[in-house]
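Novice: coords please:
(chains A, B and C)
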Amino acid sequence: MKNFLSINDVNDPMALAQEALAFKDDPIQHDLHKGKKVGFVFFNPSLRTRLSSQIAAENLGANAIVLNIGKDGWALEFEDEVVMNSDKPEHIKEAAGVLGRYFDVIGIRTFPGLTSREDDYQEKMIQAFRENTDKPILSLESSTVHPLQSLADLVTIQEHWKENRRPKVVLSWAPHVKALPQAVANSFAQWMNASDVEFSITHPEGYDLATEFVGDAKVSYDQKSALADADFVYVKNWSSYYDYGKVLTQDPSWTISNGHLEVTNQAKVMHCLPVRRGVVIKDEVLDGPQAIHLDQSENRIFAAQAVLNRLLT
Amino acid sequence: MKNFLSINDVNDPMALAQEALAFKDDPIQHDLHKGKKVGFVFFNPSLRTRLSSQIAAENLGANAIVLNIGKDGWALEFEDEVVMNSDKPEHIKEAAGVLGRYFDVIGIRTFPGLTSREDDYQEKMIQAFRENTDKPILSLESSTVHPLQSLADLVTIQEHWKENRRPKVVLSWAPHVKALPQAVANSFAQWMNASDVEFSITHPEGYDLATEFVGDAKVSYDQKSALADADFVYVKNWSSYYDYGKVLTQDPSWTISNGHLEVTNQAKVMHCLPVRRGVVIKDEVLDGPQAIHLDQSENRIFAAQAVLNRLLT
Amino acid sequence: MKNFLSINDVNDPMALAQEALAFKDDPIQHDLHKGKKVGFVFFNPSLRTRLSSQIAAENLGANAIVLNIGKDGWALEFEDEVVMNSDKPEHIKEAAGVLGRYFDVIGIRTFPGLTSREDDYQEKMIQAFRENTDKPILSLESSTVHPLQSLADLVTIQEHWKENRRPKVVLSWAPHVKALPQAVANSFAQWMNASDVEFSITHPEGYDLATEFVGDAKVSYDQKSALADADFVYVKNWSSYYDYGKVLTQDPSWTISNGHLEVTNQAKVMHCLPVRRGVVIKDEVLDGPQAIHLDQSENRIFAAQAVLNRLLT
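Specialist: As a prediction, the model looks like this:
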């Protein structure tokens, strides 16, 4: 595996998830990549991703070094052949070039601006790093996808699913107080479409994801019928893709409650965190036996460990 | 030892101090807790505590991971069953729950607001973390106590005391330019009351500490008589507990000078740092042979190492 | 080697550079300084220096701990016998004293103010740390010199120079959009004067460096004649030393292009980064075969490793 920027870098998502579960059984393997260096570059803030990735690298014996780049901390020029007399003191060619000399893997986090769909979906930052170093690039969530989260989600589904049939997995949009990226939803859809599950998506009209991410998933605007017989319900807000970055509704009937779960097959309820209780999911669900959001969060470590192990090998 | 939130978690403070001194003799013991993970969460800034705790964890072979949470960095909701549509994106249940999945020990630093005594003395933050994870919680200084500092203080007293009698230890209030918490004073009083020393406190009227911390210590408003025959003088400012958070006096006659020490038994002079020279203690004392404040500071490492060793075992 | 504050701490720069190249061949030597502690104190921001020094320490088995001190993060008092009732809560005596108890080597980065030449060239911060601890002090760039960069530069020259004669090395001033310190230029001049190379400096009138740094180097205001037959061209902007901290010209004819290199001996082109493309050096040079700036950047690791190895031994 050369890079880990999306599901497209993974031939065998189910096998990769199994590798993550093997690391969960036996996490401390310091001799595997002793002395290797992993750089985590955060252009946007992070809590879970930073901690879980750092722990994963250290479990493998690698040194994890974090760069928290504030908005004005490291202004990079991306244009070619420009006279750099503005407020950007360093070019991506040198930035990526130097990090490539320092690290065996370079992790990058960068959020979308949510104002220009074209800009965000070009993934300029990630692509520019990839083009300017030959070292592996690891997405720590980019403008459009969050593959480490999706792998952890798949790991969690595999961990909880013991029956001899394909589980029914539903991605259910939920309200939120502000506009969020589509990255987690896009990415979850990609990974579910590539996994051995029956996958569908439900959301209000206007919240359709880009077709490249929806793939063959069934899409419904009727949450109740979509949830019927679900084994896993992934709850997540995102802002509109077609009316880009807009909040079209905050309809509280989409907030997942125990009532919503009655039509399901005692579905496990998933969320990538942070979750606004009472807005996205009711307390009764998060505090009940069907919630597995903390398992997802824990599995972020082992997902990152499996990916880093491949990138470092 | 389940948690380390105050002296109440420690059955044997003198023995714990001896364990710290044993680590001082032989600090690098990487095999003791190899690969374990310690998270240090700073809701308030830290220098000595952060460095000494991180060094302590690494001496034990553990990975130390620091989270510096700014005031607006990780706004947590503490109320139950609230609809989280305000500016707090994460609930303590998930915050503590996730950290509990990531770390073997969770260190927390949180300062008092010094406006509501009731709020501060409830230790809401520390208690909320304790209630929402089953992993050990380590106080890195809370609103009302600073037990790692107090243990380091006890270690330093044991290290310097070679006579065959109980040393006389005096906690002496000192002036300061701004209102400081009672945490260091409260905690030092608790630890001295639990140790094999003769302990008394001296401060101007109005600066009495809460009775639960004063315990059986003798209290005097007359500094000179209190200092008579002292073997150790612990100098520290705190703001008023009863007139909560107020600075009632900045009387410079309480600033410790060589003159003050004449009535003592060549007392060693202690301070937890940072110390404002000339305000709290005169230069002549800090630069003289009786000052042991740098020893206290160094012993912070081994105090933390002894505590982490117990919490990780 | 007691400290590493400038070339004056190094008896044998060429040998030290060879030690760095030996580490480049075999960087991971965890047993050399296992469990030692290196503190990196950044009073000013850093990217390359922080990463390369941290990697160097970890390659040696030491624990690297970084303190990023913002402008208002740790205000230190430097005056003796002052009553500390202002906004500076800690004295350098305690700051350096405590760090000396915590670390085996203390790295310090501090930039010049560029307003008072006298203040900057006194190196007050570095000197104060040196005077208040007996632990080795490592310069991570100070007001007037950047010896880790210069050592990496020497390493890079040694790595690229295969002929049996002394290489001709030219330090060529370049324009910039703002006033920069003289530190890199001063330091490079010192190291070249102490190495087995033929060294000269070229810059516009008014940009002469202090004589103590120029030493016996030939100085010319005519860039073209200075570049003739050069084997290495080190390109760097600095602000005026004599008209202190001023930008006297931004003459673009000094920007290094392929045209400038025609008179050289196919010179390798060096820069310490970050480099403003099109202002300091043209893209055609940086993207061409003569640029070795990324090698310099990579060699920062091994320069730091050789220095830390000596300081920790």
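Novice: for A:L180, give me its contacts.
Specialist: By Cβ atoms under 8 Å, 6 or more residues apart in numbering or on different chains, the contact list for A:L180 reads A:237-239. C-betas here are computed from N, CA, C, even on glycine.
Novice: and what of A:E58?
Specialist: For A:E58, the contacting residues are A:64, B:35, B:37, B:63, by Cβ under 8 Å, 6+ apart.
Novice: distance of it from chain C?
Specialist: When distance is defined by Cβ to the nearest Cβ, to the nearest Å, A:E58 is 11 Å away from chain C.
Novice: contacting residues around the residue in the stretch 1-150 of chain A that chain B sits nearest to?
Specialist: The minimum distance from the stretch 1-150 of chain A to chain B, using Cβ to the nearest Cβ, falls at A:I28 (3.7 Å). The contact partners of A:I28, by Cβ under 8 Å, 6+ apart, come to A:59, B:34-35.
Novice: equivalent analysis for A:T255, please.
Specialist: A:174-175, A:278-282.
Novice: pick out the most distant pair among these.
Specialist: Distances among the contacts of A:T255 were taken as Cβ to Cβ; the most separated pair is A:P175 and A:K282, at 12.0 Å.
Novice: does chain C sit close to the helix ranked longest in chain A?
Specialist: The single longest helix within chain A, with elements called by DSSP state H, is helix A:293-312. No. Applying Cβ under 8 Å from any Cβ of the partner chain, one finds helix A:293-312 out of contact with chain C, separated by at least 13.5 Å.
Novice: and that helix, what does it pack onto?
Specialist: Contacting helix A:293-312 under the criterion 3 or more Cβ pairs under 8 Å, 6 or more residues apart in numbering or on different chains; DSSP states H and E are the following elements: helix A:13-25, helix A:48-59, strand A:105-109, strand A:137-139, helix A:147-160, strand A:268-270, helix B:92-102.
Novice: circling back: assumed the residue of the stretch 1-150 of chain A closest to chain B was part of a strand.
Specialist: No. Secondary structure assignment (DSSP: H, G, I helix; E, B strand; the rest coil) places A:I28 in coil, not in a strand.
Novice: would you mind measuring from it to chain C?
Specialist: When distances are taken as Cβ to the nearest Cβ, A:I28 and chain C turn out to be 16 Å apart.
Novice: hmm, stretch A:98-118 in reach of chain B?
Specialist: No. Stretch A:98-118 does not reach chain B (Cβ under 8 Å from any Cβ); its nearest approach is 14.4 Å.
Novice: can that stretch be found next to chain C?
Specialist: Yes. Under the criterion of Cβ under 8 Å from any Cβ, chain C is reached by stretch A:98-118 at A:98, A:101-102.
Novice: ok, and the most crowded of the residues you listed?
Specialist: A:V98 (25 neighbours; other Cβ atoms under 10 Å in any protein chain shown).
Novice: any idea which helix or strand carries whichever residue of the stretch 101-250 of chain A sits closest to chain B?
Specialist: Shortest the stretch 101-250 of chain A-to-chain B distance, computed as Cβ to the nearest Cβ: residue-wise this is A:V177, at 5.0 Å. A:V177 is located outside every helix and strand, with elements delineated by DSSP states H and E.
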